[in-house]
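>>> the sequence isn't on hand, but the structure is:
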């Protein structure tokens, strides 16, 4: 499994993603500069990651300027040819601004930057990004964002839901983490329908606001649920050898 | 070629939640400005374009605004063109 992590000016989770992937034994990982024309590896990456951070200082709108970066042509071609593309946090914002995913991320409805552990329910485990989860499993990933309110006009939202494109939904935590309740009531940021992550129709482009890479390394912060995310990709490419 | 000064205003669309506008409105009302209502917070962008005439300058500004300055899903834009000497 060869991964390309795109580094934009202002990315700050690029190395976290690389480290998480390497820690799971899923290397190699190439770091690719946003102003490059193409990916470094000649064979091309299996997975391209747009990491979290504050590309271009969130100027204009989060992700808007990064979506016009030189490397995005290669990123788009990778996705168009069926390659896996993952956007985490700011990466998700970039994917919507590049119109590789529908909708947009608006400022949190409490106007605060939220940095906290949060619970999400895995709505689908038939994607390359989620195949190691149980369907309906509630896991804990940290969030850290100011613009994470997922918005899509009502008609488009119904279509998105009926096509099953919602992959992660904010869920109840604490004592109720096992109840499996999820939805808008549990959105820390006001996301419509409690949407935390979506996939494109084709099923190869995923964007999510929570950070699985921040709950991957053992003995770092509480929880390693993020490992299951990388395990999914590892199993998809048949390179998962981690036995815990 | 002529030069035009362009002022683009980007605002949240009607009906789209504008929490910045709401926060500003609440603060104003709390400060005694009870006559203020319906506050919307957007962006103002000024730049210069070169074009054959005003019509082609307008076409260019539409393109720039749709492509980058605004997100048509949640924002609308308007602009004014001023010929430069």
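That came through, no problem. Computed from a predicted model, the values in this text were never measured in an experiment.

>>> for chain A, give me the ranges with low pLDDT.
Along chain A, the parts satisfying pLDDT under 70 run over A:41-42, A:243-244.

>>> ok, and the closest non-adjacent residue to the residue of chain B found nearest chain A?
Closest approach between chain B and chain A, counting by CB to the nearest CB: residue B:73, at 5.1 Å. Any C-beta I mention is one placed from the backbone N, CA and C, and that applies to glycine too. Spatial nearest neighbour of residue B:73, chain neighbours left out: residue A:104 (5.1 Å); criterion: CB to CB, 6 or more residues apart in numbering or on different chains.

>>> same deal with residue A:185?
Sequence neighbours aside, residue A:194 is the residue nearest to residue A:185 in space, at 7.2 Å (criterion: CB to CB, 6+ apart).

>>> surely that neighbour meets residue A:181?
No - using CB atoms under 8 Å, residue A:194 makes no contact with residue A:181, being 9.7 Å away.

>>> ok, which stretches of the chain are strands?
You didn't pick a chain, so chain A it is. All strands of chain A, identified by DSSP state E, fall at A:3-7, A:29-33, A:47-50, A:84-88, A:104-106, A:114-122, A:138-145, A:149-151, A:166-170, A:195-199, A:205-208.

>>> nope, chain B please
So, for chain B - with DSSP E - the strands run B:2-12, B:43-51, B:75-83.

>>> ok, what's across the strand from residue 47?
No chain was given, so I picked chain A. Beta-bridge partners recorded for residue A:47 (DSSP bridges): residue A:3, residue A:84.

>>> meant chain B actually
Beta-bridge pairing for residue B:47 (DSSP bridges): residue B:6.

>>> can you give me the neighbour number for it?
Residue B:47: 12 surrounding residues under other CB atoms under 10 Å in any protein chain shown.

>>> what about it, distance to residue A:64?
Computed as CB to CB, to the nearest Å, the residue B:47 to residue A:64 distance reads 16 Å.

>>> before we move on, what about residue A:223?
Counting by CB to CB - residue A:223 and residue A:64 are separated by 32 Å.

>>> pLDDT value on the nearest residue to residue B:29 once chain neighbours are set aside, please?
Excluding the flanking residues, the one nearest residue B:29 by CB to CB, 6+ apart is residue B:36, at 6.7 Å. Note on residue B:36: pLDDT of 96.

>>> contact partners for residue B:36?
Residue B:36 is in contact with B:25, B:28-29, counting by CB atoms under 8 Å, 6 or more residues apart in numbering or on different chains.

>>> can you flag the buried ones in those?
Neighbour-count burial (16 or more other CB atoms under 10 Å in any protein chain shown) applied to the contacts of residue B:36 gives residue B:25.

>>> just send the contacts of residue B:36 back as CSV, with pLDDT too.
Below are the contacts of residue B:36 laid out as CSV (pLDDT from 0 to 100):
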residue, pLDDT
B:25, 96
B:28, 97
B:29, 97
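
>>> which residue does chain A have closest to chain B?
For chain A, CB to the nearest CB, closest residue to chain B: residue A:104, 5.1 Å.

>>> okay, and the beta partners of that residue?
Going by DSSP bridges, residue A:104 forms beta bridges with residue A:151.

>>> how many neighbouring residues does it have?
Other residues close to residue A:104 by other CB under 10 Å number 24.

>>> that one and residue A:19: what is the separation?
30 Å.

>>> ok, now residue A:157?
Distance, residue A:157 to residue A:19, using CB to CB: 35 Å.

>>> more crowded one of the two?
Taking neighbours as other CB under 10 Å, residue A:157 and residue A:19 compare with residue A:157 leading, 18 against 15.

>>> surely that one is in contact with residue A:193?
Yes - assessed by CB under 8 Å, residue A:157 is found in contact with residue A:193 at 6.6 Å.

>>> so which bits of chain B are right by chain A?
B:16-17, B:19-20, B:23, B:43, B:68-69, B:71, B:73-74 (CB under 8 Å from any CB of the partner chain).

>>> and the two most separated of the residues you listed?
B:23 and B:68 (26.1 Å; CB to CB).

>>> check contacts around residue 70.
Here I'm looking at chain A. Here residue A:70 is in contact with A:34-37 (CB under 8 Å, 6+ apart).

>>> ah, no, chain B please
B:10, B:76-77.

>>> no further questions, thank you.
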